[in-house]
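Chemist: return a 3D structure for these sequence lines:
(3 chains)
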Amino acid sequence: MGTLENQIVRITSRLVAPFIQVYGIYVIIHGHLSPGGGFSGGAIFGASLVLVALSFNLEVGAKQISHDTASILESGGALGFVITGLVAIALGANFLANQSAGFPMGQTGQLFSAGAIFIITFFLGIKVASTIVTLFYNIIEGEDKSGDAH
Amino acid sequence: MMTGVLTEILNGLLLLFLVVCAIAVAQIRDMLSAVIVFASFGLIMAIVWQQLSSPDVAMVEAALGTGVTTLLLIAAISKTRRTE
Amino acid sequence: MEDLLFIIIAAIFAMRYLLRLQARGVFTILLVGLIGFFFSFTVAEMPPFGDPNNPVFNEIPARYMESGVADTGAVNIVSSVIIDYRAFDTIGEATVLFVAIAAVIATLRSH
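Modeler: Numbering: from 1, shown residues only, chains lettered A, B, ... in the order given. Below is the predicted model of the structure:
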């Protein structure tokens, strides 16, 4: 099971990773209430997934989120962003309009409020997190399959 | 009044540390050490953004500049040579 | 205070290279000194940080701060600007991210 330093790194990252993930989700879904938003929250969440894959090995990391799932989420986040803009057109307003398109605004200051901002922040967080995971996996195992790895 | 002076001293020290880190990243021959010094550069940069009262940018800098950039650069070093 | 700091650091590194003085070294010192002088001059001429009389505080941030909550329903003004008022910029940013990851996959994935 490896040396002592390996054990320390693994146990620490296994303990810390859920808290980082919860914090990332908190930053994403509170993007319209507190500092943060889709970009920073997605970066925190993706960094926690990469941390687990880096401290254990790539198979354990791929068990958390597979490559195909990451690719689908990455495309789906961008697609959801554009579709949210197009829904505003279908509702009779400009592209990416929020209040004038009739999105449910809710009570100001509550969690489920601000209409399209909440939805777009959620999709943006998904997209950024899966982008970081996909980028890491593609760099770390990119050239190995062709056989001329250094 | 006193806290204002202390804040000025703190900001000056942070900026001095930023300059030292930037020069050290350019001077160090070992790539892995340079990446670690670059991570500390990003961390100090996040504190400077917080001092400039922009916590959004500070969070992005702390997550991307310190975490993800370091991971990607270490992954790139593991694919190439370590010394310059 | 900060510009004085930059001048001192530039002087220290100039003194380090003064020990082995060559034509290239003199030229480098002059060039670095010139760049440092202009940087310090620019920093000294900048408006003070956070002053309400700065030229960036015109009617546009005033509009955002007055009616941002009523327009978008978001308490965080930064979020209401980048996702509601300037959402088209954010869609361009997401597109840049998408194109970057597509280029990395096309370059590095071998199969």
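
Chemist: other SSEs contacting the helix or strand of chain B with the lowest mean pLDDT?
Modeler: Lowest by mean pLDDT, DSSP states H and E among the helices and strands of chain B is helix B:69-79, with a mean of 85. Secondary-structure packing of helix B:69-79 (3 or more C-beta pairs under 8 Å, 6 or more residues apart in numbering or on different chains; DSSP states H and E): helix A:38-55, helix A:116-140, helix B:31-51. C-beta coordinates here come from the backbone N, C-alpha and C atoms, glycine included.

Chemist: in CSV: those helices, plus distance to chain C, mean neighbour count and mean pLDDT.
Modeler: Listed next are these as CSV, based on distance: least, C-beta to the nearest C-beta, whole Å; neighbours: other C-beta atoms under 10 Å in any protein chain shown; pLDDT from 0 to 100:
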stretch, distance to chain C, mean neighbour count, mean pLDDT
helix A:38-55, 8, 25, 87
helix A:116-140, 5, 25, 87
helix B:31-51, 10, 18, 91
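
Chemist: right, and those helices - which one's nearest A:G80?
Modeler: helix A:116-140 (3.8 Å; C-beta to C-beta).

Chemist: now do the residue nearest in space to the middle of chain B against chain A, distance only.
Modeler: For chain B, the residue sitting closest to the mean C-alpha position, by C-alpha atoms, centre = their mean, is B:F41 at 1.3 Å. Taking C-beta to the nearest C-beta, to the nearest Å as the measure, B:F41 and chain A are separated by 17 Å.

Chemist: cool, C:R63 as well?
Modeler: 15 Å.

Chemist: and the helix or strand hosting that residue, what's buried?
Modeler: In this assignment (DSSP states H and E), C:R63 forms part of helix C:59-72. Neighbour-count burial for helix C:59-72, counted by 16 or more other C-beta atoms under 10 Å in any protein chain shown, picks out C:Y64, C:G68, C:V69, C:D71, C:T72.

Chemist: can you list those residues in a markdown table and add pLDDT?
Modeler: Shown next, in a markdown table, are the buried residues of helix C:59-72 (pLDDT from 0 to 100):
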| residue | pLDDT |
| --- | --- |
| C:Y64 | 85 |
| C:G68 | 80 |
| C:V69 | 82 |
| C:D71 | 79 |
| C:T72 | 79 |
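
Chemist: contact partners for the residue nearest to the centre of chain B?
Modeler: B:F41 sits next to B:L18, B:C21, B:A22, B:V25, B:G65 when contact means C-beta atoms under 8 Å, 6 or more residues apart in numbering or on different chains.

Chemist: same thing but 7 Å
Modeler: Going by C-beta atoms under 7 Å, 6 or more residues apart in numbering or on different chains, B:F41 touches B:L18, B:C21, B:A22, B:V25.

Chemist: over to A:L51?
Modeler: Contacts of A:L51 (C-beta under 7 Å, 6+ apart): A:S13, A:A17.

Chemist: against C:T90, how distant is it?
Modeler: The gap separating A:L51 from C:T90 is 27 Å, by C-beta to C-beta, to the nearest Å.

Chemist: identify the residues contacting whatever residue of chain B ends up closest to chain C.
Modeler: Residue nearest to chain C within chain B: B:D56 (5.1 Å; C-beta to the nearest C-beta). B:D56 is in contact with A:P35, A:G36, A:G37, A:S40, C:V78, counting by C-beta under 7 Å, 6+ apart.

Chemist: pull the most distant pair out of the residues you listed.
Modeler: Using C-beta to C-beta, these span at most 10.9 Å, a distance reached by A:S40 and C:V78.

Chemist: closest residue of chain C to chain A?
Modeler: When distances are taken as C-beta to the nearest C-beta, chain C reaches nearest to chain A at C:L108, 3.3 Å away.

Chemist: so which bits of stretch A:83-98 are buried?
Modeler: Counting neighbours by 16+ other C-beta under 10 Å, one finds that the buried residues in stretch A:83-98 are A:T84, A:G85, A:V87, A:A88, A:A93, A:L96, A:A97, A:N98.

Chemist: how long is that stretch end to end?
Modeler: 13 Å (C-alpha to C-alpha, to the nearest Å).

Chemist: how about stretch A:50-60?
Modeler: 11 Å.

Chemist: neighbours of C:D51, how many?
Modeler: By other C-beta atoms under 10 Å in any protein chain shown, 10 other residues sit near C:D51.

Chemist: and what of B:L73?
Modeler: 18.

Chemist: ok, now which ones touch it?
Modeler: Applying C-beta under 7 Å, 6+ apart, the residues near B:L73 are B:V35.

Chemist: can you list contacts of stretch C:66-82?
Modeler: With C-beta under 7 Å, 6+ apart as the test, stretch C:66-82 has contacts from A:31-35, A:37, A:98-99, A:105-106, A:108-109, A:113-115, A:117, B:56, C:64-65, C:84, C:90.

Chemist: toward the C-terminus, what is the element adjacent to the least confident helix or strand in chain C by mean pLDDT?
Modeler: None of the helices or strands of chain C scores lower by mean pLDDT, DSSP H and E than helix C:2-18, at a mean of 68. The first helix or strand that comes after helix C:2-18 along the chain, using DSSP H and E, is helix C:23-45.

Chemist: just the buried subset of the contacts of stretch C:66-82, please.
Modeler: By 16+ other C-beta under 10 Å, the contacts of stretch C:66-82 give A:31-33, A:35, A:37, A:98-99, A:105, A:113-115, A:117, B:56, C:64, C:84, C:90 as buried.
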